[in-house]
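> just the structure for this:
(one chain, ligands or ions: 1)
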Amino acid sequence: MTEEEIPNVVVAVRLRPFTTQEVVEGHHCCCRVVGDQTVVIHKEPGASRHLKTQQGSSNEYGYDMVFSDKATQDEVYSRTVKNIIPTILDGYNATIFAYGATGAGKTHTMMGSERDGSSMDELIDPEYEDGSPRALPVDGIIPQSLSDIFRLIHERQVDEKVLQETEGLASNWTVTVSYLEVYNETIRDLLNPQAKNLQLREHSTKGAVHVSNLKHVVVKNAVEVLQLLRQGNRNRQTKSTAANQVSSRSHAVLQVTIKHTASSLLLKNSPNKEITNGKLSLIDLAGSERASNTQNSGARLTEGANINKSLLALANCINALSTANQNVIRRRSDSMVGIKEPRPFPTRAKFRDSKLTHLLKSSLEGDCRLVMIANINPSHKSFEESHNTLKYANRAKNIKIRPKMHVVTAEMSTVQRADQLEAENLTLRRELAKRKSVDQSMITGLSLGDAKRAKLSSASKTDSNVHVLHRTIEKLESEKKVLLDKVRDMERELSRLRVLRNQAPRTAPTPTKPSPGRPSPAREQSREPAPTNNSADPRRRLSSHPVVFRSATTPQPTSTPKRRVHSGRESLIPRLSVGAPRTS
Ligand SMILES: Nc1ncnc2c1ncn2[C@@H]1O[C@H](COP(=O)(O)OP(=O)(O)OP(=O)(O)O)[C@@H](O)[C@H]1O
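Sure thing, here's the model as predicted:
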């Protein structure tokens, strides 16, 4: 599926199977799935059938997709969210949330078996021997999304490694995670429960909302992020109610930000730096509840009231957003022709009515893809709640969103590029030195073409790194040859000048103009490599990059130097920076 084909808003409905308790109590089904886009809900007739309100009825609602109680976690994830994950890496934002009454299956859909953070499964080593990340045995939209993010980043890194070598591309991926809950209209940091004074702040011009003092953790792989998720889930407020054994008493919001920085370093490419920022918000809402069904009192009742209040605010915002884009058909009394007009007074979404809606402001009205999964308990005892959820989800289909890519492209100045080259150069040298000590035998093996060693090295997970380093070494070697040639030329020139000076009459020197074609001894002196501070001159700093820069412009050596001036490769590297600017 291409990026354009991925819908901006997806509204899906999922019916859950009956729990054992419901089966024992003899509940029967009030909802059924027809095809893969329709749900029919049936209201049973009441005792006094002659009253209109007590008569049975059936209603049919359509959605983008519908999942029956037989649908697996994998199926739900693959059809609703999987396609969106690559767009986050490209710099788009997306919000995925589960909605529904208490006990309808939201946490099951979003968290899977990670729901209470006490999963006994060992999180295994994140990598195979070849360095690619393992597919983690996880279920639920949140863990599956997190696992997929790192799998995709790894795939892109493999492609970028090739570009690094051929195009001089330098790239970097950073994944940052925050996890909070809105409990009783208070924001709590699930990764740092001691944190106080978490406040919502809105950017005055951009309108973006963020939470002050919230902990953001940089994560390196899927295992790290799943461990954080478990840690956060252990800190989350859950209690037992009559409607659900483990009922979430808060709205949980996990945000994953993926930042990708790419810069082209080669002179032939325009020296641009491109930063893409994609954000995925994964939300497990608390369920709406009726005090009579849950039989709550005291603290549970207060929680329930707060949950309902924020969900009502969310419903109002969705209402306002869905009607804002709708046209009304006006028909003049004397005409059969209807005229499409925008609604005269579209309701304004009041995001500030609750912490939840304020937090979701940019997700709902902004430039971000939206996936809503409405969860339904099909029991006849939950008819009212299920019917409300179906109506509400049906309205959400009218929300119009235009996702936007978040990319900043900055033209790099020569000095910035030089700085980046220096950093790249340093990293490469460090890696080279490390590899040299670890894989000395492997590098030697490759240069000797020893088949046995090559076989060994190909089996190793560092094989691709060694390959890149080997190419780097080859480039360094050829640059070294060029420089040695230059040094020899200069030495020859210097000794010729010394001879000339010795032959000159030993009279007091009179100031003479140097001939235009030949440098004066004083000028020659100044061409000697002086111990200067290379970092002061950007051109010199550029030249110190051993990999990407000079191979295209450096003339090939005409002869191989017989005398090796430097025995070790390490001592050569700093000298490479001296002569280079003259080659360009
Ligand atoms: N698709 C499903 N398949 C099997 N069991 C499910 C499914 N959906 C939900 N359940 C089970 O139903 C019960 C209630 O689900 P869950 O806790 O996810 O509801 P919830 O909507 O998150 O409730 P609350 O809002 O109170 O937290 C749990 O025992 C859960 O394991």
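> how is this protein divided into domains?
9-44+54-116+136-292+302-328+346-404, 411-435 (the TED database).
> can you say which of those is packed in most?
domain 9-44+54-116+136-292+302-328+346-404 (a mean of 19; mean count of other Cβ atoms under 10 Å). In this view, the C-beta of every residue, glycine as well, is placed from N, C-alpha and C.
> now it: average pLDDT?
Domain 9-44+54-116+136-292+302-328+346-404 shows a mean pLDDT of 85.
> does it reach the ligand?
Yes: on the criterion Cβ under 6 Å from any ligand atom, domain 9-44+54-116+136-292+302-328+346-404 is in touch with the ligand at 16-17, 19, 100, 102-108, 244, 246-248, 286-287, 375.
> for E474, which of the domains of the chain is the nearest?
Among the domains of the chain, the nearest to E474 by Cβ to Cβ is domain 9-44+54-116+136-292+302-328+346-404 (11.4 Å).
> now the residue in the stretch 351-500 of the chain that the ligand sits nearest to. Its backbone dihedrals?
Nearest residue of the stretch 351-500 of the chain to the ligand, counting by Cβ to the nearest ligand atom: N375, 5.5 Å away. Main-chain torsions, N375, degrees, to the nearest 10: phi -100, psi 140.
> against Y392, how distant is it?
12 Å (Cβ to Cβ, to the nearest Å).
> returning to that earlier point: I'd assumed T109 was in contact with the residue of the stretch 351-500 of the chain closest to the ligand.
Yes: in this structure, N375 is within contact of T109 by Cβ atoms under 8 Å, at 6.1 Å.
> list the residues that contact both of the two?
Taking Cβ atoms under 8 Å, 6 or more residues apart in numbering as the contact rule, the neighbours common to N375 and T109 are 14, 98.
> got a list of what the residue of the stretch 151-300 of the chain found nearest the ligand touches?
The ligand sits closest to G287 of the stretch 151-300 of the chain, with a gap of 2.7 Å, by Cβ to the nearest ligand atom. Contacts here follow Cβ under 8 Å, 6+ apart; on that basis G287 touches 100-104, 106, 243-244, 247-248, 307.
> quick one, strands of the stretch 251-400 of the chain?
Counting by DSSP state E, counting those that start in this stretch, one finds strands in the stretch 251-400 of the chain at the ranges 251-264, 272-284, 327-331, 338-342, 368-376.
> in JSON lines, list those along with distance to I41.
Converted to JSON lines, these look like this (distance: least, Cβ to Cβ, whole Å):
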{"stretch": "strand 251-264", "distance to I41": "26"}
{"stretch": "strand 272-284", "distance to I41": "24"}
{"stretch": "strand 327-331", "distance to I41": "27"}
{"stretch": "strand 338-342", "distance to I41": "31"}
{"stretch": "strand 368-376", "distance to I41": "9"}
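> for the helix or strand hosting S178, packing partners?
In this assignment (DSSP states H and E), S178 forms part of strand 169-183. Where contact means 3 or more Cβ pairs under 8 Å, 6 or more residues apart in numbering; DSSP states H and E, strand 169-183 is packed against helix 141-167, strand 186-189, strand 217-219, helix 222-235, strand 251-264, helix 298-324, helix 355-359.
> got the angle between that strand and helix 141-167?
Inter-element angle recorded for strand 169-183 and helix 141-167: 160 degrees (by axes from the mean of the first three to the mean of the last three Cα atoms, to 10 degrees).
> list the contacts for the residue nearest to G35 when sequence neighbours are not counted?
The shortest distance from G35 to any non-neighbouring residue, by Cβ to Cβ, 6 or more residues apart in numbering, is to V66 (7.7 Å). For V66, the contacting residues are 12-15, 33, 35-39, by Cβ under 8 Å, 6+ apart.
> report the contact partners of the nearest residue to A262 once chain neighbours are set aside.
In space, A262 comes closest to S171 once its chain neighbours are excluded; the distance is 4.4 Å by Cβ to Cβ, 6+ apart. Contacts for S171 (Cβ under 8 Å, 6+ apart) come out as 157, 160, 163-164, 260-263.
> from E422, how far off is S171?
Here S171 is placed at a distance of 17 Å from E422 (Cβ to Cβ).
> circling back: output the domains of the chain in CSV, with distance to L497 appended to each entry.
Converted to CSV, the domains of the chain look like this (distance: least, Cβ to Cβ, whole Å):
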stretch, distance to L497
domain 9-44+54-116+136-292+302-328+346-404, 34
domain 411-435, 33
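> so N308 sits right up against S288, yeah?
Yes: between N308 and S288 a contact is recorded at 5.7 Å, counting by Cβ under 8 Å.
> quick one: secondary structure of T95?
Assigned by DSSP: H, G, I helix; E, B strand; the rest coil, the conformation of T95 is strand.
> dig out what it forms beta bridges with.
Bridge pairing for T95 (DSSP bridges) gives the partners S281, L370.
> and the gap between it and E384?
The gap separating T95 from E384 is 27 Å, by Cβ to Cβ.
> what's near enough to touch the residue of the stretch 51-200 of the chain at minimum distance from the ligand?
Residue of the stretch 51-200 of the chain nearest the ligand, by Cβ to the nearest ligand atom: G105 (2.9 Å). Neighbouring residues of G105 by Cβ under 8 Å, 6+ apart: 14, 16, 375-377.
> so which of the residues you listed comes closest to D489?
For the contacts of G105, the residue nearest D489 by Cβ to Cβ is R14; the value is 76.7 Å.
> got the CA positions of the helix or strand encompassing that closest one in CSV?
Element membership of R14, judged by DSSP H and E, is strand 9-15. Only the C-alpha atoms of strand 9-15 are listed here, as CSV (Å, rounded to 0.1, in the frame of the first residue of the first chain):
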residue,chain,number,x,y,z
VAL,A,9,-9.0,8.3,9.4
VAL,A,10,-9.9,4.6,10.1
VAL,A,11,-12.8,3.7,12.3
ALA,A,12,-13.0,0.1,13.2
VAL,A,13,-15.3,-1.8,15.5
ARG,A,14,-14.4,-5.0,17.4
LEU,A,15,-16.7,-7.3,19.2
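> paired strands for it, with orientation please.
According to DSSP bridges, strand 9-15 forms sheet pairs with strand 65-67 (parallel), strand 368-376 (parallel).
> quick one on the thing from earlier: out of the contacts of S171, which comes closest to H470?
Checking those against H470 with Cβ to Cβ, the nearest one is Q164 at 14.3 Å.
> nearest residue to the closest one other than its sequence neighbours?
Distances taken as Cβ to Cβ, 6+ apart put A170 closest to Q164, at 6.8 Å, once the chain neighbours are dropped.
> does that neighbour touch A262 like I think?
Yes: using Cβ under 8 Å, A170 is in contact with A262, at 7.2 Å.
> which ones are touching the closest residue to G91 other than its chain neighbours?
Excluding its sequence neighbours, the residue lying closest to G91 (Cβ to Cβ, 6+ apart) is T276, at 3.5 Å. The neighbours of T276, taking Cβ under 8 Å, 6+ apart as the test, are 89-91, 259-260, 405-408.
> dump the residue contacts of N375.
N375 sits next to 13-14, 16, 98-101, 104-106, 109, 389 when contact means Cβ under 8 Å, 6+ apart.
> now it: how far from V11?
Separation of N375 from V11 (Cβ to Cβ): 12 Å.
> ok, M110 next?
Counting by Cβ to Cβ, the gap from M110 to V11 is 16 Å.
> equivalent analysis for F351, please.
For F351, the distance to V11 equals 20 Å [Cβ to Cβ].
> E165 too?
Taking Cβ to Cβ, one finds E165 at 45 Å from V11.
> again with R369
Taken as Cβ to Cβ, the span from R369 to V11 is 12 Å.
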